[in-house]
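A.B. asks: Provided below for reference: sequence and predicted model.
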Amino acid sequence: GSENQNEYIQSVPGYVVDYTTFDVLALGAVHSYAALMEALKGTPYYKVLGPLHLDDERAEKAPLPLIEHALYEYYYQLCNHLIDRQYRGGTAKELHAVFATQAQMFNLQAIFRLKRFFGASPEAIERILLRYKGRLPRRVVDELVAAPDVDRVLEILRRTKYSAYFDADSFAYIEYSTGRIVYHVAKKYLTFSQNPATAFVAFLMIFEIEIENLMAIIEGVRYGLDAAQIRPLLIHGGA
């Protein structure tokens with residue numbers, strides 16, 4: 001309705017409007033998939049989402065993980081394209097590694113959510129995975145996809161290099177654990193990398209997590225949680 005449209009328009013930072021490939025404000029008036037595609041004409045996102053071929057009736061029950069996957073796939077392809085175009089050697093290798101870690105954390109979140117909340121089949125999960133090599137070997141990812149439930153997923157993760165983030169004492173929810181992994185990797189590159197581009201990307205990832213922490217604190221205070229209840233929600237680098 002108009003109330004939601006006004007809320008959306010008010011939430012859009014003014015500076016963003018000049019840098020997007022689509023009319024940000026026009027999205028506030030979108031109420032169907034067809035209207036969304038119309039608003040995205042002439043942009044890369046039209047080509048990204050167009051192949052899903054959703055009509056308005058199907059869009060009401062749209063496979064949101066597939067839409068999310070398509071957008072993230074485009075994002076990481078663009079990132080890797082820009083890295084290869086601008087950098088060589090150690091800098092390119094480090095940047096690819098940072099983004100690959102972030103992409104693999106997206107995969108872990110997707111696997112966990114789809115199994116826990118939707119009981120998704122391995123075939124359905126395979127369709128939404130991002131194809132980027134990280135520290136988890138492909139055979140481990142295959143095990144996670146084939147796992148019958150989230151308990152088995154956590155059991156497999158506790159045998160990996162990320163085991164410290166998924167033990168009984170540290171695991172609160174999937175976004176918390178994957179966020180800690182990204183924080184740890186970014187902090188390592190920010191501390192030890194001699195490449196300015198890598199350090200800058202690592203800083204941005206940490207900065208994004210810090211913003212999420214601030215939002216968690218604000219929301220916690222808003223809902224009357226005390227400090228002891230809020231603190232475990234904050235993502236940090238400690239293992």
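C.D. replies: Structure's in. What do you need?
A.B. asks: for this protein, which spans come out with low pLDDT?
C.D. replies: Residues of the chain meeting the criterion pLDDT under 70: 1-5, 53-63, 237-239.
A.B. asks: now the helices: where do they sit in it?
C.D. replies: Here the chain has its helices, by DSSP state H, at 2-11, 33-39, 44-49, 56-59, 64-86, 89-118, 122-126, 138-146, 150-157, 174-192, 196-222, 227-230.
A.B. asks: Out of the ones you listed, the one nearest Thr21 is which?
C.D. replies: Proximity to Thr21 (CB to CB) singles out helix 44-49 among the helices of the chain, at 6.4 Å. (Each C-beta comes from the backbone N, C-alpha and C, glycine too.)
A.B. asks: quick revisit: Throw the helices of the chain into JSON lines and include mean neighbour count, thanks.
C.D. replies: Converted to JSON lines, the helices of the chain look like this (neighbours: other CB atoms under 10 Å):
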{"stretch": "helix 2-11", "mean neighbour count": "11"}
{"stretch": "helix 33-39", "mean neighbour count": "17"}
{"stretch": "helix 44-49", "mean neighbour count": "16"}
{"stretch": "helix 56-59", "mean neighbour count": "13"}
{"stretch": "helix 64-86", "mean neighbour count": "15"}
{"stretch": "helix 89-118", "mean neighbour count": "19"}
{"stretch": "helix 122-126", "mean neighbour count": "15"}
{"stretch": "helix 138-146", "mean neighbour count": "16"}
{"stretch": "helix 150-157", "mean neighbour count": "17"}
{"stretch": "helix 174-192", "mean neighbour count": "19"}
{"stretch": "helix 196-222", "mean neighbour count": "15"}
{"stretch": "helix 227-230", "mean neighbour count": "11"}
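A.B. asks: right, and the ones you listed - which one's nearest Ala164?
C.D. replies: Nearest to Ala164 among the helices of the chain is helix 174-192 (9.1 Å), distances taken as CB to CB.
A.B. asks: Which residues does the closest one contact?
C.D. replies: 94, 98, 101-102, 105, 108-109, 112-113, 162, 165-166, 170-171, 198-199, 201-203, 205-206, 209, 212, 233, 235-239 (CB atoms under 8 Å, 6 or more residues apart in numbering).
A.B. asks: report the angle between the axes of that helix and helix 150-157?
C.D. replies: 20 degrees (axes from the mean of the first three to the mean of the last three CA atoms, to 10 degrees).
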